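Asker: Sequence below, structure please.
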Amino acid sequence: MQSEERQECPECAEWIPAGVLACPLCGADLAGQMRPADVAVSLDEMRRKLDEHMGSGAYQQELATGSALLTTSTTVTGVLTAICTAGLVIGVALDSDAGTSVAVCSGLVGFFSALCFLVSFSHDFGSRNMAMARDPRTFVTRYMKAVLPLGREKRAYLATVPQSRAPGDTRDVDMGKIPSHESSPPIDTLGTFGNYWRKYIKRGPGSEARAVAIRKVHPAREVLPGVHAVDVDLRITSYPSALSFAFLLINVLVVILVLLVRKKHTMTVTKIVVEHRNRLFMLEPELIGSWDLALARQ
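Answerer: Residues are numbered from 1 along each chain as shown. Now for the predicted structure:
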């Protein structure tokens, strides 16, 4: 029986399995030290498991969810808008004091629900058919929009390679001068995936308000056959959230103060996209993953 190939960890000098992205003993990051042969073996295994998943009924259900035009929130606000519209029409038709009250209430509620419906619908439309994109740049653009401005984390989660959806511990993200959380939360379910993007990436610690905007998505480059790297420029802005409340009271002065004390950080992240059976998948669910770092250097 052939023994398992091993390598020496450069940090703790212990012998560990070859091809791992991090030392199982000391936790040292080994993403940039993988040999081409180890990368090829890992990707072949990933594709084999991906074949099994794409042949299952679960994958067909994921495709239906990802390509659905409306999410639950959009459907609910749409139904509420329709009910309020009907109430407005009925209230006007009654031509009485009671009818007027019904029409006014229906009109007010319907106005706000219609706004919510339009916003939610635009978010649904911008994030649908992610896995059906043929161009890696378009795919990454839709993925990053889904997890950042659109808040459609479920669709992005389903567009990630299945065996990479629960990496456990995630990497801390260096945001320069931007105040950051003490540690990056783990990802092991859809709920923790949403928590990672909403509370760790898009929200600052404590009273710090944070905004993350996509500046530019660069053209894709093929780092390995069927594996593409896409660089994404992000602009991150942070300022004390208390200033946003003060803004309501001292309008112009607070705007000037925010401009003086806010911190900015611009960064470029590389996301790895795997093309398999005419479908595109995000290799890792977090902002900067070990495979992103390893394959970006190929």
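Asker: Spatially, what comes nearest to Glu14 if we skip its sequence neighbours?
Answerer: Spatially, and ignoring its direct neighbours in sequence, Glu14 is nearest to Leu25 (5.2 Å; CB to CB, 6 or more residues apart in numbering). C-beta coordinates here come from the backbone N, C-alpha and C atoms, glycine included.
Asker: what domains does the record give for the chain?
Answerer: 34-68+128-296, 72-126 (automatic domain parsing).
Asker: Need these in JSON lines (columns: mean pLDDT and distance to Glu11).
Answerer: Formatted as JSON lines, those follow (pLDDT from 0 to 100; distance: least, CB to CB, whole Å):
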{"stretch": "domain 34-68+128-296", "mean pLDDT": "84", "distance to Glu11": "15"}
{"stretch": "domain 72-126", "mean pLDDT": "86", "distance to Glu11": "43"}
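Asker: now these in a markdown table, with mean neighbour count and distance to Pro10?
Answerer: Formatted as a markdown table, the domains of the chain follow (neighbours: other CB atoms under 10 Å; distance: least, CB to CB, whole Å):
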| stretch | mean neighbour count | distance to Pro10 |
| --- | --- | --- |
| domain 34-68+128-296 | 17 | 13 |
| domain 72-126 | 15 | 44 |
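Asker: Dump these into TSV; add distance to Glu14 as well.
Answerer: Below are the domains of the chain laid out as TSV (distance: least, CB to CB, whole Å):
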stretch	distance to Glu14
domain 34-68+128-296	18
domain 72-126	48
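Asker: Secondary structure of Asp124: a strand, I assume?
Answerer: No. Read with DSSP: H, G, I helix; E, B strand; the rest coil, Asp124 is helix and lies in no strand.
Asker: from memory it sits against Ala146, does it?
Answerer: No. Counting by CB atoms under 8 Å, Asp124 stays clear of Ala146, with 10.2 Å between them.
Asker: Spit out the residues that contact these two alike.
Answerer: Here Asp124 and Ala146 share the contacting residues Arg152, scored by CB atoms under 8 Å, 6 or more residues apart in numbering.
Asker: All the strands of the chain, in order from the start?
Answerer: Using DSSP state E, the strands of the chain run over 6-8, 15-17, 208-217, 221-224, 227-240, 263-276, 279-282.
Asker: Next up, the contacts around Val147.
Answerer: Contacts of Val147 by CB under 8 Å, 6+ apart are 153, 156, 197, 201.
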